[in-house]
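Novice: The following block contains a protein sequence and its predicted model.
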Amino acid sequence: MNAIRPIALAAALLVSTSAFAENLVVNGSLTGAIINNGVPTGWTIFEGTPDTMDAHNNVGVTGQLRFGATPTASTDGGTWVGLGAYGSYMERFGQTLTGLQVGQQYTVSWEAGNFGYTYGAVSYLGSNAISVQLDGLSIGSGDQISLGSSWYNQSLTFVASASSQQLSFILASPTQKAYMSIDGISVQTTAVPEPGTWALMGLGLCGVIAAARRRA
């Protein structure tokens, strides 16, 4: 019984250090009704006409299956937002993040897919990437993704310059005629444990090692 206690303590401490991470994004799952020219609750359209859709409803139109590639559900599941780009026409949406700590580094992550749209002479099947903006300025882009049925995990880091900043998403290249999907958005930071917490973790791990030696 004594050998179990330090193991449990160490496990609990390790779990507690990962529990500091909090998603600052409202409705990062992009859960909402299927709608053309509309985004889920918590989000705002800044440019163009983004759409809320799923694998059975393309460009936010109920029952429309005009994907260029067979879509699959993201890890997050449910609905997602579609973003198009063609020349000067771009679609961008986002929300204002609050509770940021100035000087703190954050990670913004999301899932990206490129299922495209095609109907007759209309064709949005090009490769593209999703760009992330803070207060209207790009902080970088995810991977260039070609037309296909898969979702890809993407992430970027940024350092907060204010306690409140506008986060938005747009396709990276206006010259690539494409229609991409985004889901599972999060903005998180993991706090560094206090010195006392590190000390407790060290004691717990030492107990694990000692218990293992006694059993051997």
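Specialist: Yes, it's here.

Novice: And the helices in this protein?
Specialist: Here the chain has its helices, by DSSP state H, at 4-18, 195-215.

Novice: domains for the protein, by residue range?
Specialist: Here the domain assignment for the chain is 1-20+193-216, 22-189, based on automatic domain parsing.

Novice: where among those domains is the average confidence lowest?
Specialist: Sorting the domains of the chain by mean pLDDT places domain 1-20+193-216 lowest, at a mean of 48.

Novice: And the longest strand seen in the chain, what's buried?
Specialist: Criterion DSSP state E: the longest strand present in the chain is strand 178-188. Buried residues in strand 178-188, counted by 16 or more other CB atoms under 10 Å: 178-188. Glycine gets a C-beta too; all of them are placed from N, C-alpha and C.

Novice: which one of the residues you listed is nearest Trp110?
Specialist: Set against Trp110, the nearest of the buried residues of strand 178-188 by CB to CB is Ile185 (4.6 Å).

Novice: which residues does that closest one contact?
Specialist: Residues in contact with Ile185 (CB atoms under 8 Å, 6 or more residues apart in numbering) are 25, 28, 30, 108-110, 169.

Novice: Recalculate using a threshold of 6 Å.
Specialist: Applying CB atoms under 6 Å, 6 or more residues apart in numbering to Ile185 gives the contacts 25, 28, 110.

Novice: Most neighbours out of those residues, which is it?
Specialist: Trp110 (26 neighbours; other CB atoms under 10 Å).

Novice: Mind listing the residues bridging to the residue sitting nearest the centre point of the chain?
Specialist: In the chain, the C-alpha nearest the mean C-alpha coordinate belongs to Trp110, at 2.0 Å (CA atoms, centre = their mean). Judged by DSSP bridges, the bridge partners of Trp110 are Gln154.

Novice: Would you enumerate the residues in contact with it?
Specialist: By CB under 6 Å, 6+ apart, Trp110 lies in contact with 154, 182, 184-185.

Novice: quick one: which of those residues is nearest Ser163?
Specialist: Ile185 (19.9 Å).

Novice: how close does the closest one get to Thr44?
Specialist: 14 Å (CB to CB, to the nearest Å).

Novice: now do Leu147
Specialist: Note on Leu147: its distance to Thr44, by CB to CB, is 28 Å.

Novice: what about those two, which has more around it?
Specialist: Legend: neighbour count by other CB under 10 Å for Leu147 and Thr44, higher for Leu147 (20 against 12).

Novice: next one: phi and psi at the more buried one?
Specialist: Main-chain torsions, Leu147, degrees, to the nearest 10: phi -60, psi 130.

Novice: cool, and Ser150?
Specialist: The phi/psi pair for Ser150 (degrees, to the nearest 10) reads phi -100, psi 160.

Novice: Name all residues that make contact with it.
Specialist: By CB under 6 Å, 6+ apart, Ser150 has no neighbours at all.

Novice: Now do the strands in this protein.
Specialist: 44-47, 51-53, 80-86, 89-90, 92-98, 105-113, 117-119, 122-124, 130-134, 137-141, 151-159, 164-171, 178-188.

Novice: Which positions within the third one qualify as buried?
Specialist: Burial within strand 80-86, assessed by neighbour count using 16+ other CB under 10 Å, is assigned to 80-86.

Novice: Compile these into CSV and extend it with columns for distance to Tyr124.
Specialist: Shown next, in CSV, are the buried residues of strand 80-86 (distance: CB to CB, whole Å):
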residue, distance to Tyr124
Trp80, 16
Val81, 15
Gly82, 10
Leu83, 10
Gly84, 6
Ala85, 8
Tyr86, 7
